[in-house]
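Sequence first, then the predicted structure, then my questions.
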Amino acid sequence: MSNKFKTFLHDDSGAVTVDWVVMSAAVIGLGMLVLQPIAFSTESSTKKIADDIRTSPVGYENR
């Protein structure tokens, strides 16, 4: 039984897949970390634009 366990521990055929999964998770995590401040500043800008549009007159004025 211990011989099979040693063989399993020294087998590296799936290591590339694990590396890609870890690297992909790191890239996604960093992307989320970088985009979070941008999302909050965009939300602030869209609120300002929406308020400006809401207060702007639309259509023809009565003369």
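Happy to help now that I have it.

going forward, measure contacts between C-alpha atoms and count neighbours the same way
OK.

in this structure, which helix has the most residues?
The longest helix of the chain (DSSP state H) is helix 15-55.

In this protein, which residue is most central in space?
Against the mean C-alpha coordinate of the chain, by CA atoms, centre = their mean, the closest residue is Met32 at 3.3 Å.

where does that one land on pLDDT?
Note on Met32: pLDDT of 91.

for the chain, which spans come out with low pLDDT?
Scanning the chain for pLDDT under 70 picks out 1, 60-63.

on that earlier part again, what's the spacing between the residue nearest to the centre of the chain and Ser24?
Met32 is 12 Å from Ser24, where distance means CA to CA, to the nearest Å.

again with Ala39
In terms of CA to CA, Ala39 sits 22 Å off from Ser24.

Could you do Val16 as well?
According to CA to CA, Val16 and Ser24 sit 12 Å apart.

Ok, Asn3 next?
Taking CA to CA as the measure, Asn3 falls 34 Å from Ser24.

So those two - more neighbours on which side?
Ser24 (12 against 8; other CA atoms under 10 Å).

Asp51: how many residues sit nearby?
The number of residues packed around Asp51, counting by other CA under 10 Å, is 11.

Which phi and psi values does Asp11 adopt?
phi -80, psi 130 (degrees, to the nearest 10).

can you count the residues close to it?
Residues near Asp11, counting by other CA under 10 Å: 10.

if I look at it, how far off is Ser56?
69 Å.

Then Val27?
Counting by CA to CA, the gap from Val27 to Ser56 is 43 Å.

now Ile38
Noted for Ile38: a distance of 27 Å to Ser56, by CA to CA.

How about Ile49?
Using CA to CA, Ile49 is found at 11 Å from Ser56.

same thing with Phe8?
From Phe8 over to Ser56 (counting by CA to CA), the distance is 70 Å.

Equivalent analysis for Ser45, please.
17 Å.

Give me the more crowded residue out of these two.
Each of Ser45 and Ser56 has its neighbours counted (other CA under 10 Å); Ser45 has more, 12 against 9.

So that one versus Val58, what's the distance?
Counting by CA to CA, the gap from Ser45 to Val58 is 21 Å.

Same check on Val21?
Distance check for Val21 against Val58: by CA to CA, it reads 53 Å.
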